[in-house]
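>>> need a 3D model of the following:
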Amino acid sequence: MVELLLVCSLGLLCLGAILTVVISYVHSRESLEAMMRLQDQWGRLQFLLDREIQESTPVTAASSINGSCGTSSPTLALEVPGMADRIVYYRSGTTLRRCGPSIDANGNLVASPVSDLPLLEGVTSFSVDTSDSERPSYSVSLQASNGVTYSNQSQPSGTNFRSRVIN
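Model prediction:
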């Protein structure tokens, strides 16, 4: 009887250790998957921002907001040559939003209608540095629902505003 109790105790101890290792593995796997999702979201956002920055000129005036945008203080406002409405990026709570000309299936801007759409959820910060007017940089911090965070900053040399020659 004593030997049976000893074997059961050792078995439970081993089972507990194995269970701890499995739970630890599952948590680390979930964190890794969340980090990969956040990195993927950052990459897609970076592609869109870089492309729109390259095709535009910076707008700094406070009156540069589209009437249909839900904000009075954009983080980034861009003027695209040939478009009446500006592209405005702003945060609403933890959602990064884009307001401006729509994008068609081919990736081209369409003058009408103006759309105000959510781009990304879980944004804890979004800031833009336009101190170098030719090469702006931006940083974004994202947080997944399980608490995993990811922050990254664009490289200023990666995006240039379109240069305009005025005669």
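>>> middle-most residue in this protein, spatially?
With distances taken as CA atoms, centre = their mean, the residue of the chain nearest its centroid is residue 42 (4.7 Å).
>>> does the nearest residue to that residue once chain neighbours are set aside belong to a helix, a strand or coil?
What sits nearest to residue 42 in space, not counting adjacent residues and going by CB to CB, 6 or more residues apart in numbering, is residue 152, at 5.2 Å. Using the backbone N, CA and C atoms, a C-beta is placed for each residue, glycine as well. At residue 152 the chain is in strand, as set by DSSP: H, G, I helix; E, B strand; the rest coil.
>>> ok, residue 152 touching residue 138?
No. Counting by CB atoms under 8 Å, residue 152 stays clear of residue 138, with 9.6 Å between them.
>>> more neighbours, the two?
residue 138 (22 against 15; other CB atoms under 10 Å).
>>> roughly how far apart are the more buried one and residue 120?
Counting by CB to CB, to the nearest Å, the gap from residue 138 to residue 120 is 13 Å.
>>> and residue 42, by the same measure?
9 Å.
>>> same deal with residue 140?
For residue 140, the distance to residue 120 - CB to CB - is 8 Å.
>>> between these two, who's got more neighbours?
The neighbour comparison of residue 140 against residue 120 (other CB under 10 Å) goes to residue 140, with 23 against 20.
>>> hmm, back to that, the residue nearest to the centre of the chain reaches residue 138, doesn't it?
No. Using CB under 8 Å as the test, residue 42 is too far from residue 138 to be in contact (10.9 Å).
>>> what's the neighbour count on the nearest residue to residue 80 once chain neighbours are set aside?
Among residues not flanking residue 80 along the chain, residue 56 sits closest, at 4.7 Å (CB to CB, 6+ apart). For residue 56, the neighbour count with other CB under 10 Å is 21.
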